[in-house]
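In: Got a predicted structure plus its sequence, pasted below:
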Amino acid sequence: MLAISRAEDIAGDRKENNTMSRKSFGAKPLSYPQPVWIIGTYDENGVPNAMNAAWGGISEENEVSVCLSVNHKTCENFEKTGAFTISMADADHVAGCDYVGMATGTKTADKFARAGFTATKSELVNAPIINELAVCLECRVIEYNKENCILRGEIVNVSVDETALTDGKVDVSKVKPICFDPFNNTYHVVGEKVGDAWGSGRAIDNGQAKQ
Ligand SMILES: Cc1cc2nc3c(=O)[nH]c(=O)nc-3n(C[C@H](O)[C@H](O)[C@H](O)COP(=O)(O)O)c2cc1C
């Protein structure tokens, strides 16, 4: 009887360990966190446009790469001006930021204003800084490859609205940037601090903690 109970215990333990199964989602562009970048451009007449882009990242010290379908008004614009901006979408402007990912400037000429955005021209590149979004990368086009849809841009400046600073530093609790969850097509605010980069791992490195 005792032996049977022990066997049942072991089987129970195994069952518990086997709960670590995984579900596959296939070869898809699913990653956490995806940025919510709002790409600002001017057309040849100086009319501003904006679009939402989640499939992008920093690819060199002063370079961004974004995967952009060729049919966007945005692409038509930056091919003419050689410039664009990337503003970080934030929690206070979710509707406008999502809207510019649905409407196209090709059909809706006042898309930028409809999104609730106003523009100030960058002093460094021919592209609009979105006044309502605090953090902005001002970029010059390096190359747009229509084969693989990759836009590479040189970051010539990063500017941040003074209202998003605390003691001269960018304050994430004021910026309230959002990220995109591609598993569920939802936006989430970035905020809670859980550690220090190049810091939290030091205890493990020093052999003082396991994780
Ligand atoms: C959350 C989200 C992320 C998006 N990411 C991208 C992207 O990375 N690349 C892309 O080509 N389009 C992306 N889009 C679609 C464009 O934003 C959309 O087609 C937009 O209408 C293009 O605007 P435009 O024609 O005025 O430039 C995204 C849309 C949403 C809502």
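Out: Perfect, thanks for sending it.
In: Can you report how many residues lie near the closest residue in space to L68 that isn't next to it in sequence?
Out: Excluding the flanking residues, the one nearest L68 by C-beta to C-beta, 6 or more residues apart in numbering is L151, at 5.1 Å. In short, each C-beta sits where N, CA and C put it, glycine included. Per other C-beta atoms under 10 Å, the neighbour tally for L151 reads 23.
In: which parts of this structure sit against the ligand?
Out: 49, 51-55, 67-69, 72-74, 98, 101-106, 111, 180 (C-beta under 6 Å from any ligand atom).
In: Restricted to strands, list those residues.
Out: Applying DSSP state E to these, the entries found in strands are N49, M51, N52, A53, C67, F180.
In: which SS class is A197?
Out: Counting by DSSP: H, G, I helix; E, B strand; the rest coil, the backbone at A197 sits in coil.
In: Check G96 too.
Out: With three-state DSSP as the criterion, G96 reads helix.
In: Isn't it up against A113?
Out: No. Shown here, G96 and A113 do not form a contact pair, counting by C-beta atoms under 8 Å, at 10.1 Å.
In: hang on, the earlier thing: is there a quick ChimeraX command that grabs whichever of the ones in strands among the residues of the chain next to the ligand are buried?
Out: Remark: buried members of these, expressed as a ChimeraX selection using 16 or more other C-beta atoms under 10 Å:
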select :49,51,52,53,180
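In: Show me where this protein has its strands.
Out: With strands called from DSSP E, the chain shows them at 34-35, 37-42, 48-53, 56-60, 63-67, 83-88, 119-121, 128-130, 135-145, 150-160, 165-166, 169-170, 178-181, 186-189.
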